[in-house]
Each structure stands twice: as C-alpha cells, then as structure tokens.
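[1] Model the following, please.
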Amino acid sequence: ISLHDVEPGTLEAVLVTSDGTLRELQTAGNHINEKDGSKIMVDSARLNYQDNRPESVQELIYNKLLVGRGHEYMLILNDGTRVWMNARSRLVYPVAFGDTREVELEGEAYFEVTRDENRPFIVHAGQVAVKVLGTEFNVNTCRKQKVQTVLVKGSVQVENGGKREVVLRPGELAETVGTQIRVTQVNVRKYTAWREGVFYFEEAELEEIMTELADWYCVQAVFTDQTVRTRKFSGVLERSETIENVLKKIERTTSVHFTIQQGIIQVK
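    Next comes the predicted model:
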C-alpha cells in the first residue's frame, strides 16, 4: 500500500436495531421499520428518526449507531436533536424519547440539542453526565483517561458520577479526569472543526495528530524515532484530502518524515 492508495474517511455506519439486527448504512433513499411502529428514514447519508411512532406505544426501545474507523455519520433523533458522530464512536439512544431524553456515548460526537424546558437532554459518557436544555456542544471520550466537553453555545452542566458538577459557559472546556473536573477557556474550533470537514491543529503534539489521522484514514502510526512524538504542529488540513497531501504539509513545517507500508505509517 502506498500513500496514493490511502483514501480519506466516508459517510458510513452500522445501525443495530432493537431486535439486534445489524444494518450497514451506506446509501440513501430507503427506510427501516422498527418494532414499535416507528419509521426510520435513511436520507442523504443520515438517519432521521421522525416523530411518527403510534401514540398508543409507550415502551422505550433502543438503537445503537456504530461508526468505525475511517467513517463519520449524522443522525436526527426523534425530538429533532442533531448528532454528528466522529470515527470510532458509538451512540445508544431510544427510538422515541419518553419522559426523559438520555443517550449514551463512547467516542466523539457533536450535539445540537432541541430545546425542551421540561425534559433536559443528558449525554452519559462513562462516569460523566452532560446535562442540557438546548444548546450546541462536543463530547469526546477518546482521550486517554479523560472526557472532554466543549460548549459552543447555550449552557451545559457537567457532572462527574455525582461527586462534582460545573456549569460551562460558551468557549469553555471541561476535562474530567478521575474525580476531578478542570475548566479552561479554549479556542472552540480546535475541538469542533472535524464537523466542518477539517483537522484543526493548534500546537498539537505529533503523537496526538497521528492518532487522529489513523482513525480517519484507517492506518496505524509507528514512531521509529521516539523523540519526534512531542514535536508540535499547527495548521488546518482538509479531511477530504489524501493522506499523502496531509503528511506532506506536516513534513514541510516539522522536520519529520513519513513512509507507509501495508497500512503502517512510519514516523521518523
């Protein structure tokens, strides 16, 4: 495999319906019938849970959306909330919400929550719960031993297993490590640019950059020179570009060199 053969990620996911059926989501223009009578639309590479469940049905049934390495996907929940899911992520959610609105996330997702004063929207990410009424925010559980919540607009409350809670203002990042929650002011775009189709690196260490690229291009990175792991790079790169072009741009400003063999990128 050469650098020319490694393609960027695509809009694909796997839906696990309430009866355990796996459906690969690659094409638009069809629908899926759930056992509670709901009709799930697959439209333009996204899932749309329209609020069309029969009123007589009250039971909560759950779906899972699995987004693998090299993919991303978007879905609209039945209350109108929009969720963009990054590579290597999993979301568990009810086909139709009842008295509460709660979902469970592993990985990274950007939420644009429909406001509902009577039913806060809660994202469970490991021991962390992010509670909102209506807002936009990004949650990432991919970082080692930490959960990152970045608020774009509105207000969210971040709870850590009932031990501590903080309320974020727009532009703030809550990093939860163990029982601690650390809040800092950040450049929001650094954490949400993936949804716009770009990688946004701001004094990012090469090890962190290679982890992100590996998830998107389905490759593995190996550092043959350990001293370059902490080398820093800043720049905005298109996620639609080939990995060859992305790595060339990093090489120009970091004095590192990349080669690839059989899906493994050597960094030296």
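[2] C-alpha only now, for contacts and for neighbours.
    Will do.
[3] after the strand or helix carrying residue 102, next one along is what?
    Assigned by DSSP states H and E, residue 102 belongs to strand 101-106. Next in sequence after strand 101-106, counting helices and strands by DSSP H and E, comes strand 108-112.
[4] Stretch 227-235: end-to-end distance?
    End-to-end distance of stretch 227-235 (CA to CA, to the nearest Å): 21 Å.
[5] for the residue nearest to residue 104 when sequence neighbours are not counted, helix, strand, or coil?
    Leaving aside its sequence neighbours, residue 104 sits nearest to residue 124 (CA to CA, 6 or more residues apart in numbering; 4.7 Å). Under the three-state scheme (DSSP: H, G, I helix; E, B strand; the rest coil), residue 124 adopts strand.
[6] Residue 124: neighbour count?
    As a burial measure, residue 124 scores 20 neighbours (other CA atoms under 10 Å).
[7] begin at 14 from here
    Sure, I'll start counting at 14 from here, so that last one is residue 137.
[8] Go ahead and name everything in contact with the strand holding residue 115.
    Residues outside strand 114-119 that contact it (CA atoms under 8 Å, 6 or more residues apart in numbering) are 102-107, 132-139, 153-155.
[9] swap the cut-off to 7 Å and go again
    Applying CA atoms under 7 Å, 6 or more residues apart in numbering, the external contacts of strand 114-119 come out as 102-106, 132-138, 154.
[10] Now for the residue nearest to residue 117: which residues touch it?
    116-118, 143.
[11] switch to 10 Å and redo it
    104-105, 115-119, 143-144, 152, 172, 174 (CA atoms under 10 Å, 6 or more residues apart in numbering).
[12] By neighbours, which of the residues you listed wins?
    Going by other CA under 10 Å, residue 152 tops the contacts of residue 137 with 26 neighbours.
[13] what is it paired to in the beta sheet?
    With DSSP bridges applied, residue 152 shows beta-bridge pairing to residue 122, residue 162.
[14] ok, it touching residue 135?
    No - if you go by CA atoms under 10 Å, residue 152 and residue 135 don't touch, sitting 11.7 Å apart.
[15] list residues touching both of those two?
    By CA under 10 Å, 6+ apart, the residues touching both residue 152 and residue 135 are residue 143.
[16] that older thread, could you export the contacts of residue 137 as CSV, including distance to residue 20?
    CSV is the format used below for the contacts of residue 137 (distance: CA to CA, whole Å):
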residue, distance to residue 20
104, 25
105, 29
115, 35
116, 32
117, 30
118, 27
119, 25
143, 34
144, 37
152, 26
172, 39
174, 40
